[in-house]
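J.: Fold the following.
(chains A and B)
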Amino acid sequence: MVLRFYNTLSRQKEVFTPLQEGEVRMYHCGPTVYKRPHIGNYRAFLFADLLRRWFEANELKVTQVMNLTDVGHLTDDADAGEDKLQQEAERTKVDPWAIVDQVSQAFFADLNALGVVPAHHYPRATDHIPEMVAMIEILLEKGHAYRVGDNIYFDVHSFPEYGKLSGNRVEDLEAGARLEINQEKRHPADFALWKSDPHHLMKWNTAFGEDGFPGWHIECSAMARKYLGDHFDLHTGGEDNVFPHHECEIAQSESALNGSFVSLWMHTRFLQVDGGKMSKSLGNVYSIDDLIERGFHPFDFRFLVQRGHYRTSLNFTWEALKGAAEARKSLQDLWSRLANEMSKVSGLSAAAALAQAEAAAEVAPFAKEFREGLNDDLNTSKAVAALFGLRTAVLRADFPEPNRTAAAALLYAADLILGLFPAEEDSADGLSDAEIEALVLARTAAKAAKDFAAADDLRNQLTTAGIVVEDTPQGAKWHRG
RNA sequence: GCCGGCAUAGCCAAGUGGUAAGGCAAUGGAUUGCAAAUCCAUCACCCCCAGUUCGAGUCUGGGUGCCGGCUCCA
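T.: This is a model prediction of the structure:
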């Protein structure tokens, strides 16, 4: 098994070697819970889910952490800066803690709808104030941070490698600074670790003062350390996190902990809508519910995202989503056709199912293409193409019967890894096989008698019950849709 | 102004320098009582201009357009 991933830090694909053999520890920058996440946010979270699933399919033990940022961050570093959560709270006259609760619930509901496997920890920033304070104290002691009144800043010049992730240089940042220079700071690129403001709605009484709140970046450093240790395998986020957020995390953590922090940094490219950035004014900032209202299943969106590569900007359009939905439906149809064989492989692990598929000559080429695609920096396009290759092969009349189970195994594994098909809904009006057979036979008889009205009526009954009837040269066949 | 990325058919999207995966849609045919499904077939000179090379979507330079960061943002 050789997994290769593109590392933002080195700007190239690298062979992945876990720090601890057989284990992967990873951290994902999660949502700021001040307003409901949109589909663009979910592209990043679906990517995290895919990583998790593929690692587990490779029999690695995964520890996965995704933070919830529930304390607002400053819109700028000047003292007048407000934070989004505070703004939202003031705008809606709702207590910020209530907003956090409400948005968090919506977030988890969306994750569930998208079939995301829950991370092991979803730490909240406000639950980790002591950890952040402790880390800031280390930075002060080591001379990487300085205090001005009740504000504390990280001294960028104390970390010579600042800029290694983003490629930015401290000098350029200074030259391009569009902000009013905060006179408190020694250098414009210095960033806040802790701020104090009596008017802030969310504030804590700490050694740094009575009315303080954390800077934007420190929460991830502190929480990652707590749940994953000082040095862990990989950290992900959207491309916009590269700078300043992740750059600052690196500076803080490596300064505080004397050593490398994260081995592999992975970032997802933004989702575009209608060829450009989604924006409120264009009215194309969609939520998962918006997709559902238009008649799509959240898994259609999941499939759309996973048909493309995470490092390429994906253009979301309703037409593209429709295309993904149709494509997913045809794989779902394949699943139904393999229902009998599916029962023989269900319960297998993804690793075992994939191995079984690779062991069968007729299916192996597709299984290999699927695996190799994912091994190569999660090339899901290639992996999905393999599934369509499998579909074509299975649907050919001469597909060898013994290999149908292997084909089912591959599709089953693909579902465990990509999350293609929602869990079966309990069909309350489900017909038994015998009842279906009777209806199908009755329809065949009606057709033979040229009573097409009756035949169509029977077909409608079956369709309504979720049964697909196919007239083939070998007679009528049916399967559950 | 300074960093970084992308540009492939109507749409979405892969692509180690050797003559363009896959899907959706569409079109023709087979099949059907009509459909649906399925099967067969058709459907791209890879943004523009130079250059390197025996050979470039794939490398280099210059344009144009879009995206990200430098400011909260996946």
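J.: Might you name the residue of chain A sitting closest to RNA strand B?
T.: Here chain A gets closest to RNA strand B at one residue, residue A:238, 1.2 Å apart by C-beta to the nearest atom of the strand. Quick note: C-beta positions are derived from backbone N, CA and C, even for glycine.
J.: ok, and the closest non-adjacent residue to that residue?
T.: Counting by C-beta to C-beta, 6 or more residues apart in numbering, the nearest residue to residue A:238 once its immediate chain neighbours are dropped is residue A:44, at 4.7 Å.
J.: what's the span of stretch A:372-382, first residue to last?
T.: Terminal residues of stretch A:372-382 are spaced 8 Å apart (C-alpha to C-alpha, to the nearest Å).
J.: Stretch A:171-183 too?
T.: Across its full length, stretch A:171-183 reaches 17 Å end to end, with C-alpha to C-alpha as the criterion.
J.: tell me the mean pLDDT over it?
T.: For stretch A:171-183, mean pLDDT rounds to 61.
J.: How about stretch A:158-168?
T.: Taken as a whole, stretch A:158-168 carries a mean pLDDT of 90.
J.: cool, stretch A:208-222 as well?
T.: Taken as a whole, stretch A:208-222 has an average pLDDT of 92.
J.: So it, near RNA strand B or not?
T.: Yes - among the residues of stretch A:208-222, residue A:216 lie within reach of RNA strand B under C-beta under 7 Å from any atom of the strand.
J.: what does the stretch 351-481 of chain A put close to RNA strand B?
T.: Taking C-beta under 7 Å from any atom of the strand as the criterion, the neighbours of RNA strand B within the stretch 351-481 of chain A are A:379, A:381-382, A:384-385, A:388-389, A:392, A:395-396, A:447, A:452, A:455-456, A:459, A:469-473.
J.: so the residue of chain A closest to RNA strand B makes contact with residue A:267?
T.: Yes - with contacts defined as C-beta atoms under 8 Å, residue A:238 counts as touching residue A:267 at a distance of 6.4 Å.
J.: Bridge partners for the closest residue to residue A:139 other than its chain neighbours, pull those for me.
T.: Nearest non-adjacent residue to residue A:139, counting by C-beta to C-beta, 6+ apart: residue A:145, 3.9 Å away. In this structure, residue A:145 has the following beta-bridge partners (DSSP bridges): residue A:154.
J.: between residue A:238 and residue A:267, who's got more neighbours?
T.: When neighbours are counted by other C-beta atoms under 10 Å, residue A:267 comes out ahead of the other of residue A:238 and residue A:267, with 23 against 19.
J.: Looks like that one contacts residue A:237 (just checking).
T.: Yes - applying C-beta under 8 Å, one finds residue A:267 in contact with residue A:237, separated by 5.9 Å.
J.: Tell me if I'm right that residue A:288 and residue A:110 touch.
T.: Yes - between residue A:288 and residue A:110 there is a contact under C-beta under 8 Å: 4.6 Å.
J.: Pull up the overlap in contacts between those two.
T.: Overlap between the contact sets of residue A:288 and residue A:110, as judged by C-beta atoms under 8 Å, 6 or more residues apart in numbering, is given by A:42, A:298.
J.: about what we covered before: run through the residues that contact the residue of chain A closest to RNA strand B.
T.: Shown here is residue A:238, whose contacts under the criterion C-beta under 8 Å, 6+ apart are A:29, A:40, A:41, A:43, A:44, A:267, A:268, A:270.
J.: can you map out the helices along the stretch 201-350 of chain A?
T.: Secondary structure of the stretch 201-350 of chain A (DSSP state H, counting those that start in this stretch): helices located at A:218-228, A:247-257, A:288-293, A:298-307, A:318-337, A:339-345, A:350-359.
J.: Include mean neighbour count when you put the ones you listed into a markdown table, please.
T.: Shown next, in a markdown table, are those (neighbours: other C-beta atoms under 10 Å):
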| stretch | mean neighbour count |
| --- | --- |
| helix A:218-228 | 24 |
| helix A:247-257 | 24 |
| helix A:288-293 | 16 |
| helix A:298-307 | 24 |
| helix A:318-337 | 17 |
| helix A:339-345 | 15 |
| helix A:350-359 | 20 |
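J.: Could you dump the ones you listed into CSV with distance to residue A:207 added?
T.: Formatted as CSV, these follow (distance: least, C-beta to C-beta, whole Å):
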stretch, distance to residue A:207
helix A:218-228, 14
helix A:247-257, 16
helix A:288-293, 42
helix A:298-307, 44
helix A:318-337, 51
helix A:339-345, 58
helix A:350-359, 48
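J.: I'd like to know which of those helices is closest to residue A:121.
T.: When the helices of the stretch 201-350 of chain A are ranked by proximity to residue A:121, the top entry is helix A:218-228, at 5.1 Å, counting by C-beta to C-beta.
J.: same for the closest one, what does it pack against?
T.: The helices and strands touching helix A:218-228, judged by 3 or more C-beta pairs under 8 Å, 6 or more residues apart in numbering; DSSP states H and E, are strand A:23-28, strand A:61-66, helix A:129-141, helix A:247-257.
J.: Would you reformat those as CSV and include distance to RNA strand B and mean pLDDT?
T.: Written out in CSV, the entries for the helices and strands packed on helix A:218-228 read as follows (distance: least, C-beta to the nearest atom of the strand, whole Å; pLDDT from 0 to 100):
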stretch, distance to RNA strand B, mean pLDDT
strand A:23-28, 9, 97
strand A:61-66, 10, 98
helix A:129-141, 15, 95
helix A:247-257, 8, 94
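J.: and of the contacts of residue A:238, the nearest to residue A:438?
T.: The closest of those, once distances to residue A:438 are taken by C-beta to C-beta, is residue A:43, at 47.3 Å.
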